[in-house]
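> build me a model:
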Amino acid sequence: MTDRPGPGDAFPDIALETPDGGSVKVSDFAGQKLVVFFYPKDNTPGCTTENIDFSGLKDQFAAAGTALLGVSKDSAKKHQNFIAKHALTAPLASDAEENGLSDALGIWTEKQNYGRTYMGMVRTTYLIGPDGTIAKVWDKVKVKGHAEAVLEAAKAL
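Numbers count the residues shown, from 1 in each chain. Here you go, the predicted structure:
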(Lines give C-alpha, C1' and ligand atoms only; values in the text may rest on other atoms or scores of the structure.)
Protein backbone atom coordinates (compact mmCIF):
# COMPACT_ATOMS: atom_id res chain seq x y z
CA MET A 1 0.00 0.00 0.00
CA THR A 2 1.72 3.17 -1.14
CA ASP A 3 -1.00 5.64 -0.22
CA ARG A 4 -0.65 5.59 3.56
CA PRO A 5 -3.06 7.62 5.70
CA GLY A 6 -1.49 10.81 7.05
CA PRO A 7 -2.39 14.01 8.88
CA GLY A 8 -5.98 15.07 8.23
CA ASP A 9 -7.07 11.57 7.21
CA ALA A 10 -9.48 9.49 9.27
CA PHE A 11 -7.72 6.77 11.25
CA PRO A 12 -9.04 3.31 10.26
CA ASP A 13 -11.56 1.99 12.80
CA ILE A 14 -10.48 -1.66 12.85
CA ALA A 15 -10.97 -3.74 16.01
CA LEU A 16 -7.94 -5.13 17.84
CA GLU A 17 -7.83 -7.85 20.51
CA THR A 18 -6.99 -6.76 24.05
CA PRO A 19 -4.95 -8.95 26.43
CA ASP A 20 -8.11 -9.77 28.42
CA GLY A 21 -9.82 -11.20 25.31
CA GLY A 22 -11.93 -8.13 24.60
CA SER A 23 -11.58 -5.74 21.70
CA VAL A 24 -10.72 -2.08 21.20
CA LYS A 25 -10.87 0.32 18.27
CA VAL A 26 -10.21 4.00 17.73
CA SER A 27 -13.89 4.96 17.86
CA ASP A 28 -13.89 3.77 21.51
CA PHE A 29 -11.79 6.89 22.24
CA ALA A 30 -14.06 9.40 20.44
CA GLY A 31 -13.90 12.83 22.03
CA GLN A 32 -10.39 12.45 23.41
CA LYS A 33 -6.90 12.48 21.94
CA LEU A 34 -5.24 9.10 21.38
CA VAL A 35 -1.68 7.97 20.79
CA VAL A 36 -1.41 4.62 18.98
CA PHE A 37 2.16 3.37 18.94
CA PHE A 38 2.99 0.36 16.76
CA TYR A 39 6.08 -1.66 17.64
CA PRO A 40 7.58 -4.86 16.20
CA LYS A 41 7.70 -7.38 19.05
CA ASP A 42 7.15 -7.83 22.79
CA ASN A 43 10.22 -8.44 24.96
CA THR A 44 12.79 -7.10 22.50
CA PRO A 45 15.11 -4.33 23.73
CA GLY A 46 13.75 -1.33 21.76
CA CYS A 47 10.13 -2.37 22.13
CA THR A 48 10.50 -2.96 25.86
CA THR A 49 12.11 0.47 26.31
CA GLU A 50 9.38 2.16 24.24
CA ASN A 51 6.59 0.52 26.26
CA ILE A 52 8.26 1.36 29.58
CA ASP A 53 8.72 4.99 28.44
CA PHE A 54 5.06 5.38 27.41
CA SER A 55 3.92 3.64 30.63
CA GLY A 56 6.08 6.00 32.68
CA LEU A 57 4.39 9.02 31.10
CA LYS A 58 0.84 7.61 31.16
CA ASP A 59 -0.34 10.01 33.89
CA GLN A 60 1.08 13.01 32.02
CA PHE A 61 -0.66 11.87 28.83
CA ALA A 62 -3.90 11.51 30.82
CA ALA A 63 -3.45 15.04 32.20
CA ALA A 64 -3.16 16.20 28.56
CA GLY A 65 -6.48 14.46 27.76
CA THR A 66 -4.71 11.76 25.76
CA ALA A 67 -5.18 7.98 25.92
CA LEU A 68 -2.44 5.51 24.94
CA LEU A 69 -2.56 2.25 23.01
CA GLY A 70 0.44 0.10 22.09
CA VAL A 71 -0.02 -2.33 19.20
CA SER A 72 1.99 -5.25 17.82
CA LYS A 73 1.24 -8.51 16.03
CA ASP A 74 1.98 -10.45 19.25
CA SER A 75 -0.85 -12.55 20.67
CA ALA A 76 -3.01 -11.41 23.58
CA LYS A 77 -1.29 -14.07 25.75
CA LYS A 78 2.18 -12.70 24.87
CA HIS A 79 0.94 -9.20 25.73
CA GLN A 80 -0.26 -10.46 29.15
CA ASN A 81 3.22 -11.85 29.89
CA PHE A 82 4.93 -8.69 28.58
CA ILE A 83 2.73 -6.44 30.75
CA ALA A 84 3.36 -8.56 33.86
CA LYS A 85 7.11 -8.89 33.29
CA HIS A 86 7.68 -5.13 32.92
CA ALA A 87 4.77 -3.72 35.01
CA LEU A 88 3.47 -1.84 31.96
CA THR A 89 0.55 0.54 32.43
CA ALA A 90 0.05 1.71 28.83
CA PRO A 91 -2.70 -0.52 27.39
CA LEU A 92 -1.71 -2.97 24.65
CA ALA A 93 -3.66 -4.59 21.83
CA SER A 94 -2.94 -7.33 19.34
CA ASP A 95 -3.18 -6.77 15.59
CA ALA A 96 -2.75 -10.46 14.79
CA GLU A 97 -5.50 -10.60 12.15
CA GLU A 98 -4.60 -10.88 8.48
CA ASN A 99 -5.46 -7.58 6.76
CA GLY A 100 -5.63 -5.88 10.15
CA LEU A 101 -5.00 -2.32 11.24
CA SER A 102 -1.25 -2.29 10.50
CA ASP A 103 -1.99 -3.61 7.00
CA ALA A 104 -4.58 -0.83 6.45
CA LEU A 105 -1.97 1.73 7.55
CA GLY A 106 0.74 0.25 5.33
CA ILE A 107 3.15 -0.34 8.22
CA TRP A 108 3.11 -4.17 8.14
CA THR A 109 5.59 -4.51 5.35
CA GLU A 110 8.53 -6.39 3.88
CA LYS A 111 11.73 -5.78 5.83
CA GLN A 112 15.32 -6.93 5.43
CA ASN A 113 17.86 -7.81 8.10
CA TYR A 114 21.23 -9.49 7.53
CA GLY A 115 20.16 -10.42 3.99
CA ARG A 116 16.96 -12.09 5.18
CA THR A 117 13.60 -10.80 3.90
CA TYR A 118 10.54 -11.08 6.14
CA MET A 119 7.27 -9.33 6.99
CA GLY A 120 7.49 -6.99 9.96
CA MET A 121 6.06 -3.95 11.72
CA VAL A 122 7.55 -0.55 10.98
CA ARG A 123 7.80 1.25 14.35
CA THR A 124 5.27 4.05 13.82
CA THR A 125 3.29 6.31 16.15
CA TYR A 126 0.05 8.14 15.40
CA LEU A 127 -1.43 11.06 17.34
CA ILE A 128 -5.16 11.06 16.70
CA GLY A 129 -7.39 14.02 17.46
CA PRO A 130 -10.70 13.82 19.36
CA ASP A 131 -12.53 13.68 16.00
CA GLY A 132 -10.71 10.47 14.93
CA THR A 133 -8.45 12.11 12.36
CA ILE A 134 -4.68 11.76 12.30
CA ALA A 135 -2.96 14.85 13.70
CA LYS A 136 0.67 13.66 13.44
CA VAL A 137 2.64 10.61 12.32
CA TRP A 138 6.09 9.53 13.45
CA ASP A 139 7.60 7.08 10.93
CA LYS A 140 10.50 4.68 11.56
CA VAL A 141 10.65 5.81 15.18
CA LYS A 142 13.90 5.94 17.14
CA VAL A 143 12.94 5.01 20.71
CA LYS A 144 15.21 7.32 22.73
CA GLY A 145 13.21 10.43 23.70
CA HIS A 146 10.25 9.42 21.51
CA ALA A 147 7.57 9.13 24.22
CA GLU A 148 8.52 12.60 25.51
CA ALA A 149 8.28 14.10 21.99
CA VAL A 150 4.84 12.53 21.50
CA LEU A 151 3.70 13.90 24.88
CA GLU A 152 4.74 17.44 23.84
CA ALA A 153 2.79 17.08 20.58
CA ALA A 154 -0.26 15.76 22.46
CA LYS A 155 -0.15 18.75 24.84
CA ALA A 156 0.06 21.13 21.86
CA LEU A 157 -2.92 19.54 20.03
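
> and for the residue most central in space within the chain, nearest residue in space, chain neighbours not counted?
Geometric centre of the chain, nearest residue: Phe37, 2.1 Å, by Cα atoms, centre = their mean. Nearest residue to Phe37 in three dimensions, chain neighbours excluded: Thr125, at 4.4 Å (Cβ to Cβ, 6 or more residues apart in numbering). From N, CA and C alone the C-beta is placed, and that goes for glycine too.

> where does this protein dip in pLDDT?
Of all residues in the chain, those with pLDDT under 70 make up the ranges 1-2.

> strands of that one, residue ranges please.
Assigned by DSSP state E, the strands in the chain fall at 16-17, 23-24, 33-38, 66-72, 92-94, 108-113, 116-121, 124-128, 134-138.

> will you turn these into TSV that also has distance to Ile52?
As requested, the strands of the chain are exported to TSV (distance: least, Cβ to Cβ, whole Å):
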stretch	distance to Ile52
strand 16-17	21
strand 23-24	21
strand 33-38	12
strand 66-72	11
strand 92-94	12
strand 108-113	24
strand 116-121	18
strand 124-128	15
strand 134-138	18
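
> ok, Leu69 to Leu105 distance?
From Leu69 across to Leu105, the span is 13 Å (Cβ to Cβ, to the nearest Å).

> please enumerate the helices of the chain.
Counting by DSSP state H, the chain has helices at residues 45-56, 58-63, 76-86, 101-105, 146-156.

> deepest-packed of these, please.
Among the helices of the chain, helix 101-105 has the highest mean neighbour count (mean count of other Cβ atoms under 10 Å), at a mean of 21.

> gap between that one and the chain center?
With Cα atoms, centre = their mean, to the nearest Å as the basis, helix 101-105 stands 11 Å off its chain's centre.

> and what of stretch 132-143?
The answer for stretch 132-143 is 9 Å, by Cα atoms, centre = their mean.

> so which bits of that stretch are buried?
Buried residues in stretch 132-143, counted by 16 or more other Cβ atoms under 10 Å: 132, 134-138, 141, 143.

> could you export these as CSV, including distance to Pro91?
CSV is the format used below for the buried residues of stretch 132-143 (distance: Cβ to Cβ, whole Å):
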residue, distance to Pro91
Gly132, 18
Ile134, 19
Ala135, 20
Lys136, 20
Val137, 20
Trp138, 19
Val141, 18
Val143, 19
